[in-house]
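Undergrad: Sequence and predicted structure, then a few things I'm wondering about:
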Amino acid sequence: MSVHISAKKGEIAKTVLMPGDPLRAQYIADNYLTDVTMVSKTRNIYYFTGKFKGKEISVGASGMGFPSIGIYSYELFTEYDVDTIIRIGTCGAYTTDLQLFDILNVDKAASESTYAKFAWGIEDEAIANQGNAFDKINETAKELNLATKAVNIHSSDIFYRKDPAVPAIAQKYNCPAVEMEAFALFANAQYLGKNAATILTVSDIIPTREFISADQREQALRTMMELSLETALKF
Ligand SMILES: O=P(O)(O)O[C@H]1O[C@H](CO)[C@@H](O)[C@H]1O
Ligand SMILES: O=c1cc[nH]c(=O)[nH]1
């Protein structure tokens, strides 16, 4: 049991799939895993452990933003001996070069956030995915004949802002899309020497205000869920 996760030691697998939304974690547990146990529901941030094609995998939410994923990923890495976390999230595209439902495998997360600096003394504005999870995602996507794009993304503290221009840091690091957690996940993994990757589905095109509707969303995210589950078999 850690401060924010009530699972007992040994109840969480070495590989954790981590959506932002607890209901997305529940959807994966209900639709893809067998022999499933809910191992934590502290603060309604659900964690489940079960089997996918015979391999033990856990799935649990990060919540939204750096403070939240910072807490969950740190406790999973340090108190539950988790080796690999694959975040599976949604993102907004800054450009019409991306389309709704595109799947991105994140190379680096660039951020204005001071999270990495004040947590671990990491001064970099852009932090790379950690370990071999990124490569395994690319390999798995190829095997599944799935088109994915390897890109840098902007990890932001901000969802709503007054200035519609693409933020300077996103321009500096060629980030075609924005989300809110990968930078802190990669910082924690870098400091602790763990594996971390982020797969994102484009859910909004910011310049045109197109977005995936609530009823399309569940089906739309299935491809990313399946890619992460198949990748998890390789650890
Ligand atoms: O779909 P998730 O994983 O929550 O990710 C994105 O969605 C949330 C904002 O709506 C932020 O957490 C952002 O990073
Ligand atoms: O962080 C996010 C996630 C989805 N869509 C956005 O515009 N921003």
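TA: Nice, I can see it. Ligands and ions are numbered 1, 2, ... in the order given.

Undergrad: so who does residue 202 touch?
TA: By CB atoms under 8 Å, 6 or more residues apart in numbering, the contact list for residue 202 reads 90, 91, 92, 93, 98, 99, 100, 101, 102, 103, 104, 177. C-beta: built from backbone N, CA, C; applies to glycine.

Undergrad: looking at this, it is in a strand?
TA: Yes: counting by DSSP: H, G, I helix; E, B strand; the rest coil, residue 202 is located in a strand.

Undergrad: For it, give the beta-bridge partners.
TA: Per DSSP bridges, the residues bridged to residue 202 are residue 91.

Undergrad: List, one by one, the residues from the protein near ligand 2.
TA: Proximity of the chain to ligand 2 (CB under 6 Å from any ligand atom) is limited to residues 90, 91, 92, 159, 178, 179, 180, 203, 204, 206.

Undergrad: now do 8 Å
TA: Proximity of the chain to ligand 2, by CB under 8 Å from any ligand atom, involves residues 89-92, 156, 159, 178-180, 203-204, 206, 211.

Undergrad: What about ligand 1: which of those residues touch it?
TA: Among the residues of the chain next to ligand 2, proximity to ligand 1 is found for 89, 90, 91, 159, 179, 180, 203 (CB under 8 Å from any ligand atom).

Undergrad: Would you format these as JSON lines with distance to residue 46, neighbour count and pLDDT included?
TA: Formatted as JSON lines, those follow (distance: CB to CB, whole Å; neighbours: other CB atoms under 10 Å; pLDDT from 0 to 100):
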{"residue": "89", "distance to residue 46": "16", "neighbour count": "27", "pLDDT": "96"}
{"residue": "90", "distance to residue 46": "18", "neighbour count": "22", "pLDDT": "96"}
{"residue": "91", "distance to residue 46": "22", "neighbour count": "27", "pLDDT": "97"}
{"residue": "159", "distance to residue 46": "22", "neighbour count": "11", "pLDDT": "94"}
{"residue": "179", "distance to residue 46": "20", "neighbour count": "25", "pLDDT": "98"}
{"residue": "180", "distance to residue 46": "19", "neighbour count": "26", "pLDDT": "98"}
{"residue": "203", "distance to residue 46": "21", "neighbour count": "23", "pLDDT": "96"}
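
Undergrad: Noted, bye for now.
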